[in-house]
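>>> How does the following fold in three dimensions:
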Amino acid sequence: MTAVAEQTGTWLSSFTAQPAAEPWIQALRDTAFAKFAALGFPTTKNEEWRFTNVAPIARTAWVNAASTANAPACAAAHLGKYAALDNPFVALNTAFLGDVRVIEVPRNTVLEAPIEIIYDAPAEGQAHHPRTLILVGANAHCTIVETYRGTGTYFTNAVTEVVVGDSAVVDHYKVQQESSSAFHVATMQVTIARSANFSSHSISLGGALVRNDANAVLSEGSHATLNGLYIVNGTQHIDNHTIIDHAKPHATSHEVYKGILDGKSYAVFTGKSSSVKTPRRPIPSRPTKTWSSPMRPPSTPSPSYKSGRTTCAARTAPPSDSSIAKCSSTCSRAASARSTPATCSSTPSPRTLSIASKCRF
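Next up, the predicted model:
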């Protein structure tokens, strides 16, 4: 039996035991599970996961929390259209689609009060797959707060898809308050229409192993802000991964990630930005890496010249000597094709881990 088969075999019985769903939901499930069965869980040999070992998740025989498939008709045109199944955890989430929470804000609507979405953890030893779809109409304004909390040992595998209409303004907050022995993997995929503004603020406090993927695709004249704050201690491991795709010209983006580490905790940040495929796209001189650990860092891989990329990993010193690292990087692009290509620079200091980048195309 192959390693992939061993990993996915335990999920097959749970998948087949699910109650039948509506045809369009069942089709999504079947396609997603086939993809997950082909991929298996990622390993540290995968470029996107080389700093995070998910073996504790893959080797645990989780019991899937029972959930009946339920999604309104308006979700059919959007659900599963944005978050890519190439991510094994997105595929796993889609394979176990249950009660999908759909937030729809009509066009030209301005909501003063925030919309709260709360996911409470399942029972001990269970896995649950929260799925959220947020549809914001043109010229609408809203604030959304997404909270994850719980006690005990369990596995949260969440996917949030956000569609922002033309000239809409969306403020999104994610608060992760999982148990210190829980596992939390989450993907947020945002599609931002023309002249729209989307900002997301991720706050991570709990979890034994946490992976946050925040991805945004920008249209012409749109803006995205991705911010993150994490506070970890003990043996907690947190990995923040962002991808900002400037699919159309004249879009702007900004991101800042800051964290505090104590004990033997470990934190990773990886950010990528890309622009519309023209000769004028920014080309960084090389990836930027900063290590705060007193140990020798892994060998630096060959530089990639396809898109902007910043990677920052930090490990604290022994518990008796808590340390925090600082890394700041700025990506900028010249105004004309003849200007010097964009570069990324980094300056470490011994106190805080902070990654800041701003890109304009």
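>>> Could you tell me how many residues sit around the closest residue to Asn70 other than its chain neighbours?
Closest residue in space to Asn70, ignoring its immediate chain neighbours: Asp99 at 4.8 Å, by C-beta to C-beta, 6 or more residues apart in numbering. Every residue, glycine included, has its C-beta placed from N, CA and C. Residues lying near Asp99 (other C-beta atoms under 10 Å) number 11.
>>> List the residues that contact Asp99.
Contacts here follow C-beta atoms under 8 Å, 6 or more residues apart in numbering; on that basis Asp99 touches Ser67, Thr68, Ala69, Asn70.
>>> ok, which stretches of the chain are helices?
3-16, 23-39, 55-58, 88-95 (DSSP state H).
>>> quick one: which of the contacts of Asp99 is nearest Asp120?
Set against Asp120, the nearest of the contacts of Asp99 by C-beta to C-beta is Ser67 (13.0 Å).
>>> mind checking the backbone torsions on that closest one?
Per-residue torsions, Ser67: phi -150, psi 130 (degrees, to the nearest 10).
>>> is it true that it touches Val100?
No: Ser67 is beyond contact range of Val100, at 9.7 Å (criterion: C-beta atoms under 8 Å).
>>> Now do the shared contacts for the two.
Common neighbours of Ser67 and Val100 (C-beta under 8 Å, 6+ apart) do not exist.
>>> Nearest spatial neighbour of the residue positioned nearest the centre of the chain, chain-adjacent residues omitted?
Against the mean C-alpha coordinate of the chain, by C-alpha atoms, centre = their mean, the closest residue is Asp213 at 1.3 Å. Nearest non-adjacent residue to Asp213, counting by C-beta to C-beta, 6+ apart: Thr187, 4.3 Å away.
>>> neighbours of the one you found, just the number please.
As a measure of burial, Thr187 has 21 neighbours, counting by other C-beta under 10 Å.
>>> Roughly how far does it sit from Cys142?
Distance, Thr187 to Cys142, using C-beta to C-beta, to the nearest Å: 21 Å.
>>> what number of residues lie near Glu161?
24.
>>> quick one: pLDDT of the closest residue to it other than its chain neighbours?
Closest residue to Glu161 apart from its sequence neighbours, by C-beta to C-beta, 6+ apart: Tyr82 at 4.6 Å. Tyr82 is assigned 97 on the pLDDT scale.
>>> quick one: contacts for Tyr82?
Glu161, Val163, Gln189, Thr191.
>>> related to what we said a few turns ago, pretty sure the residue nearest to the centre of the chain is in contact with Leu226, am I right?
No: at 10.9 Å, Asp213 does not count as touching Leu226 under the criterion of C-beta under 8 Å.
>>> Need the residues touching each of those two.
With C-beta under 8 Å, 6+ apart, Asp213 and Leu226 have common neighbours Thr242.
>>> residue boundaries of the strands in the stretch 1-150 of the chain?
Using DSSP state E, counting those that start in this stretch, the strands of the stretch 1-150 of the chain run over 63-64, 101-105, 115-120, 126-128, 131-136, 141-149.
>>> Dump those into TSV; add distance to Gln176, mean pLDDT and mean neighbour count as well.
Output for these, formatted as TSV (distance: least, C-beta to C-beta, whole Å; pLDDT from 0 to 100; neighbours: other C-beta atoms under 10 Å):
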stretch	distance to Gln176	mean pLDDT	mean neighbour count
strand 63-64	21	91	17
strand 101-105	17	96	18
strand 115-120	10	97	14
strand 126-128	14	95	20
strand 131-136	14	97	23
strand 141-149	5	98	19
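>>> need those in JSON lines with distance to His254, can you?
Listed next are these as JSON lines, based on distance: least, C-beta to C-beta, whole Å:
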{"stretch": "strand 63-64", "distance to His254": "38"}
{"stretch": "strand 101-105", "distance to His254": "23"}
{"stretch": "strand 115-120", "distance to His254": "24"}
{"stretch": "strand 126-128", "distance to His254": "33"}
{"stretch": "strand 131-136", "distance to His254": "20"}
{"stretch": "strand 141-149", "distance to His254": "18"}
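>>> Quick one: closest of these to Ile231.
Once these are compared by C-beta to C-beta, strand 141-149 is nearest, at 15.4 Å.
>>> got the angle between that closest one and strand 101-105?
Note on geometry: by axes from the mean of the first three to the mean of the last three C-alpha atoms, to 10 degrees, strand 141-149 and strand 101-105 are set 160 degrees apart in direction.
>>> Which elements pack onto strand 141-149?
Contacts defined by 3 or more C-beta pairs under 8 Å, 6 or more residues apart in numbering; DSSP states H and E place strand 141-149 against strand 115-120, strand 131-136, strand 155-164, strand 169-177.
>>> Gly152 - nearest residue in space that isn't next to it in sequence?
Using C-beta to C-beta, 6+ apart, the closest residue to Gly152 is Glu124 (4.4 Å).
>>> ugh, wrong one, Ala84
Going by C-beta to C-beta, 6+ apart, Ala84 has Val90 as its nearest residue, at 6.4 Å.
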